[in-house]
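**Q** using only what follows, build the 3D model:
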Amino acid sequence: MAQVTAKLVKELRDMTGVGMMDSKRALVAVDGDIEAAVDYLRETGMAKAAKKADRIAAEGLAGVFVAGNVGSITEINSETDFVSKNEQFQKLVKDVTETIAKGNPSTLEDAQKLEAGDGTVESEILSATTKIGEKIGLRRFSRVEKTDEDAFGAYTHMGGRIAVLAVLEGTKDEELARDIAMHIAAINPKYVSREQVSQEEIDHETKVLTEQALNEGKPANIVEKMIVGRLNKYLAEICLVDQPFVKDPDMTVGKYIASKGASVKSFVRFEVGEGIQKREENFAEEVMNQVNK
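**A** Just a heads-up that it's a prediction; the model follows:
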């Protein structure tokens, strides 16, 4: 059996982009023949990607793409935040986000079938999974259209940990729209305005506030007024137009935009990993897990 040296492993890794341990296993399997190892990795790549399907992917990047009157926003996940610094992964996020904007899919399944690279979005993600060595997946996306009289506000924060795509009506001022997108990234409103808050949510919050007031021992005739005030405060916190604008806290976002002759039509905000239960591992454990594969 030929000796599999560290130099040979590095050479294969540089050629294919596959992780160190996968490179070493491939070389061992083909008795150190580097060309055969490349074929081995290609032939077994999809199977290896499939083995990663049960892992938790709660890191990654969110991306935004805008061209003309069409915009898209995506979240593509990985297992560790190291991958977000990988150039191949960054390109994957950029390419998939642009593909979705141009392809106009209705569902995640439709998005996976869109033509991309040498195949489809799905095959490109599987290829990246093999080369990078982590489970990678398209978690969600949104595709947005506007008119010639509207403006897109596209913004990514923390290198893509948070992405926002907003649409302002009544203005073509992209700088204004981007400022609003920055505010949304920072303050994280749930709705544009109070009209979007469901009666169910209002009823639930009213019930909670009522219990809080009663537990404070307030007289019944005072409780009702307290609830009204606290409910208004709650709604102001979760509705974009009622929030103090981060660049001018003396004005609400709604009043600031109105002073520019505009209004907010919609926004989408993705924060990587929100709602996913992340595994608790330290760095040393993570490295050992890679070594022991």
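**Q** so what's residue 111 closest to, chain neighbours aside?
**A** Distances taken as CB to CB, 6 or more residues apart in numbering put residue 105 closest to residue 111, at 4.1 Å, once the chain neighbours are dropped. For every residue, glycine as well, the C-beta is placed using N, CA and C.
**Q** what residues are up against the one you found?
**A** Residues near residue 105 by CB atoms under 8 Å, 6 or more residues apart in numbering: 111, 113-114, 141, 143.
**Q** which of the residues you listed are buried, as a ChimeraX select command?
**A** Restricted to buried positions by 16 or more other CB atoms under 10 Å, the ChimeraX selection for the contacts of residue 105 reads:
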select :111,114,141,143
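**Q** got TSV for the contacts of residue 105, with pLDDT, distance to residue 27 and secondary structure too?
**A** Output for the contacts of residue 105, formatted as TSV (pLDDT from 0 to 100; distance: CB to CB, whole Å; DSSP: H, G, I helix; E, B strand; the rest coil):
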residue	pLDDT	distance to residue 27	secondary structure
111	97	36	helix
113	95	35	helix
114	97	35	coil
141	98	38	strand
143	98	44	strand
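**Q** farthest-apart pair in the contacts of residue 105, please.
**A** 113 and 143 (15.0 Å; CB to CB).
**Q** and the helices in the chain?
**A** 6-16, 20-29, 34-51, 87-103, 108-113, 121-132, 174-187, 199-215, 220-238, 253-258, 283-291 (DSSP state H).
**Q** run through the bridge partners of residue 120.
**A** residue 115 (DSSP bridges).
**Q** isn't it up against residue 114?
**A** Yes - assessed by CB atoms under 8 Å, residue 120 is found in contact with residue 114 at 6.3 Å.
**Q** which stretches of the stretch 51-200 of the chain aren't confidently modelled?
**A** Residues of the stretch 51-200 of the chain meeting the criterion pLDDT under 70: 51-56.
**Q** cutoff 80 now
**A** Residues of the stretch 51-200 of the chain meeting the criterion pLDDT under 80: 51-57.
**Q** for residue 289, report the pLDDT, please.
**A** Looking at residue 289, its pLDDT stands at 52.
**Q** with residue 15 instead?
**A** Taking residue 15 on its own, its pLDDT is 67.
**Q** can you list the domain ranges for this structure.
**A** For the chain, automatic domain parsing gives the domain ranges 6-53, 59-189+265-271, 194-250.
**Q** residue 256 is nearest to which of those domains?
**A** Nearest to residue 256 among those is domain 194-250 (4.7 Å), distances taken as CB to CB.
**Q** ends of the closest one, how far apart?
**A** One end of domain 194-250 sits 20 Å from the other (CA to CA, to the nearest Å).
**Q** quick check: bridge partners of the spatially closest residue to residue 94 that is not a sequence neighbour?
**A** Leaving aside its chain neighbours, residue 94 sits nearest to residue 63 (6.0 Å; criterion: CB to CB, 6+ apart). Note on residue 63: beta-bridge partners by DSSP bridges are residue 74.
**Q** looks like residue 63 contacts residue 96 (just checking).
**A** Yes - Residue 63 lies in contact with residue 96 (CB under 8 Å); the separation is 7.5 Å.
**Q** mutual contacts of these two, please.
**A** 74, 76.
**Q** surely residue 239 touches residue 201?
**A** No - here residue 239 lies out of contact with residue 201, judged by CB under 8 Å, at a distance of 11.5 Å.
**Q** which one of the two is surrounded by more residues?
**A** The residue with more neighbours, out of residue 239 and residue 201, is residue 239; 21 against 15, by other CB atoms under 10 Å.
**Q** who does residue 142 form a beta bridge with?
**A** Beta bridges link residue 142 to residue 73, judged by DSSP bridges.
**Q** surely it and residue 73 touch.
**A** Yes - using CB under 8 Å, residue 142 is in contact with residue 73, at 5.2 Å.
**Q** ok, residue 177 to residue 262 distance?
**A** 8 Å (CB to CB, to the nearest Å).
**Q** between the two, who's got more neighbours?
**A** residue 177 (26 against 20).
**Q** list the contacts of the more buried one.
**A** So residue 177 contacts 151-153, 166-168, 171 (CB under 8 Å, 6+ apart).
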